[in-house]
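Novice: okay, predicted coordinates and the sequence, questions at the end:
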Amino acid sequence: MRHEPRPGASPFERLGAHFDEVDRVCPDCGFEDADGRWTTTTTGDRVSYRHVCPSCGSIRKRTLDVGDR
Ligand SMILES: [Zn+2]
């Protein structure tokens, strides 16, 4: 199922959907967290993502610069 970005959707929503689709497999143990979610934290122009693997407990972090575009 795909969610098309709607006009007016925030950049955060679009980035979140992106991560949901492509990055659910833990690089450490290979567990696919099908129901997993990246926790999003926004600080200014920066979005931080955090995901904890339910299988091995590995924590992954991503930081994106959103900026004004
Ligand atoms: Zn894992």
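Specialist: Everything's here; your move.
Novice: which residues touch residue 58?
Specialist: 26-29, 52 (C-beta atoms under 8 Å, 6 or more residues apart in numbering). (C-beta placed from N, C-alpha, C; glycine too.)
Novice: neighbour-wise, which one of these leads?
Specialist: Greatest neighbour count in those, by other C-beta atoms under 10 Å, goes to residue 26: 20 neighbours.
Novice: for residue 27, see how far away the nearest residue in space to it that is not next to it in sequence is.
Specialist: Among residues not flanking residue 26 along the chain, residue 53 sits closest, at 4.2 Å (C-beta to C-beta, 6 or more residues apart in numbering). When distance is defined by C-beta to C-beta, to the nearest Å, residue 53 is 9 Å away from residue 27.
Novice: which residues of the protein lie near the ion?
Specialist: 26, 28-29, 31, 53, 55-56, 58 (C-beta under 5 Å from the ion).
Novice: can you redo those residues as CSV with secondary structure and pLDDT?
Specialist: Listed next are those as CSV, based on DSSP: H, G, I helix; E, B strand; the rest coil; pLDDT from 0 to 100:
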residue, secondary structure, pLDDT
26, coil, 92
28, coil, 92
29, coil, 95
31, coil, 93
53, coil, 94
55, coil, 94
56, coil, 96
58, coil, 95
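Novice: okay if I get those as TSV plus distance to residue 65?
Specialist: Listed next are these as TSV, based on distance: C-beta to C-beta, whole Å:
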residue	distance to residue 65
26	25
28	26
29	29
31	29
53	25
55	30
56	29
58	24
